[in-house]
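**Q** Model the following, please.
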Amino acid sequence: MRKDIGLVVEGGGTKAAYSAGVLKCLLEEKIYLPYAVGISAGCEILVPYVSRQMHRLELTGIQAPCQKGVFGLRPLLTEGSLYGLEETENFIESNAPLDMDRFMRSETQMDFGLYDLADHQVRYYNKSYLDEDHTLVKASCALLLLAHPYEFRGRKVMDAGLVDMISINQSIRQGNRKHIVISTKELGYVRKPAPEWQLKLAKKVYKDDRIVEDFRNRHIRYQEQWDKVNDLEAKGNAIVLRPHKDLGVTRYTTDPKKLGPWFQLGYDETHERIHEIKKFCEVE
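**A** Purely as a prediction, here's the structure:
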């Protein structure tokens, strides 16, 4: 295994079940990459990859998003958010506790991306910052308008997907020359500009023009990040693993009968390319 290869995992709400399937296949094939970086739900499903816990990976991708307290009125009443991050993390921990010692000792280094509400910068924190409450994981998944920001080391932070949706530049900054990018979006997907009503709502909720501006430019940055990935792929320095079928799964799907096949699709499509992936990871 070469040492200058990074694993970049996109978010995508519950569509991350596909990515969890990809990661299960990599674990089964003992493809332990030296570096990984995630955004939003990409952080959540990367944690069990780093700790080599396949059961937790499957539970995180399929079962956790399907609990009653995950989305809607209940988390709004109990957590003050439409998306129940505390409920989700508690369910995962209750059924497949993170092996913290194995996570920290893992040969895979990991960065979590967070958006700082004070200075509007995206900062990346390595795995040594993960505490027993998993604040770093929950904060990274605190979606704009759907979850409240978290307090982390004296700063208010939330999902970095407002700016960095594909952390390819962070992987490059860490010295990686090759990259495996896991996306929850099909080939040809184009992110649309945020509708005006969402921008007005963001202005009302956050009372911060810079957040609204970042939200307004989100689709532009997303395309810029994919342009970088596509360029690397054309030069043979990146592999993109993404769904090639539409199973009707959205970022808000909470039906295990849909997420199960979506997870399996990620596993199967990765398995079909496993020889290509292994060759890509070989030392030249």
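
**Q** For the rest of this, base every contact and every neighbour count on C-alpha atoms.
**A** Fine.

**Q** So in this protein, where's the weakest helix or strand by average pLDDT?
**A** Least confident helix or strand of the chain, by mean pLDDT, DSSP states H and E, is helix 73-78 with a mean of 85.

**Q** What strand or helix carries the most centrally placed residue in the chain?
**A** The residue lying closest to the centre of the chain (CA atoms, centre = their mean) is Gly42, at 1.4 Å. In this structure, Gly42 is located in helix 41-50 according to DSSP states H and E.

**Q** and what of Asp111?
**A** Using DSSP H and E, the element containing Asp111 is strand 109-116.

**Q** So which residues of the chain form helices?
**A** Assigned by DSSP state H, the helices in the chain fall at 16-28, 41-50, 54-58, 73-78, 85-95, 100-105, 135-140, 168-173, 196-206, 209-216, 218-234, 256-272, 274-281.

**Q** on contacts alone, who are the packing partners of the fifth one?
**A** With contacts defined as 3 or more CA pairs under 8 Å, 6 or more residues apart in numbering; DSSP states H and E, helix 85-95 has these neighbours: helix 135-140.

**Q** list the helices and strands the helix it packs on packs on?
**A** helix 41-50, helix 85-95, strand 109-116, strand 150-152, strand 155-159.

**Q** ok now the first one, how far from the chain's centre?
**A** Averaged C-alpha coordinates place helix 41-50 at 7 Å from its chain's average position (CA atoms, centre = their mean, to the nearest Å).

**Q** leaving aside the residues next to it on the chain, what's closest to Ser128?
**A** In space, and not counting its chain neighbours, Ser128 is closest to Met104: 7.0 Å by CA to CA, 6 or more residues apart in numbering.

**Q** so that neighbour makes contact with Lys127?
**A** Yes - using CA atoms under 8 Å, Met104 makes contact with Lys127 at a distance of 7.0 Å.

**Q** what about Glu282, how many neighbours?
**A** Glu282 has 11 neighbours, counted by other CA atoms under 10 Å.

**Q** In contact with it: list those residues for me.
**A** When contacts are counted by CA atoms under 8 Å, 6 or more residues apart in numbering, Glu282 touches Met1, Arg2.

**Q** Phi, psi for it please.
**A** phi -70, psi 150 (degrees, to the nearest 10).

**Q** Enumerate every residue touching His179.
**A** For His179, the contact set (CA under 8 Å, 6+ apart) comprises Ile5, Gly6, Leu7, Val8, Ile168, Ser171, Asn237, Ala238, Ile239.

**Q** re earlier: now the helices and strands packed on helix 135-140 in CSV, with mean pLDDT?
**A** Putting the helices and strands packed on helix 135-140 into CSV (pLDDT from 0 to 100) gives the following:
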stretch, mean pLDDT
helix 41-50, 97
helix 85-95, 95
strand 109-116, 98
strand 150-152, 96
strand 155-159, 96
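
**Q** With respect to Thr254, which of the ones you listed lies nearest?
**A** Closest of the helices and strands packed on helix 135-140 to Thr254 is helix 85-95, at 12.1 Å (criterion: CA to CA).

**Q** who touches that closest one?
**A** Residues contacting helix 85-95 (CA under 8 Å, 6+ apart): 56, 59-60, 64-65, 67, 69-70, 75, 79, 138, 141-142, 147.

**Q** Pick the one among these closest to Thr14.
**A** Thr14 lies nearest to Pro65 out of those, by CA to CA, at 6.3 Å.

**Q** Give the closest residue to the closest one in space, chain neighbours not counted.
**A** Thr254 (5.6 Å).
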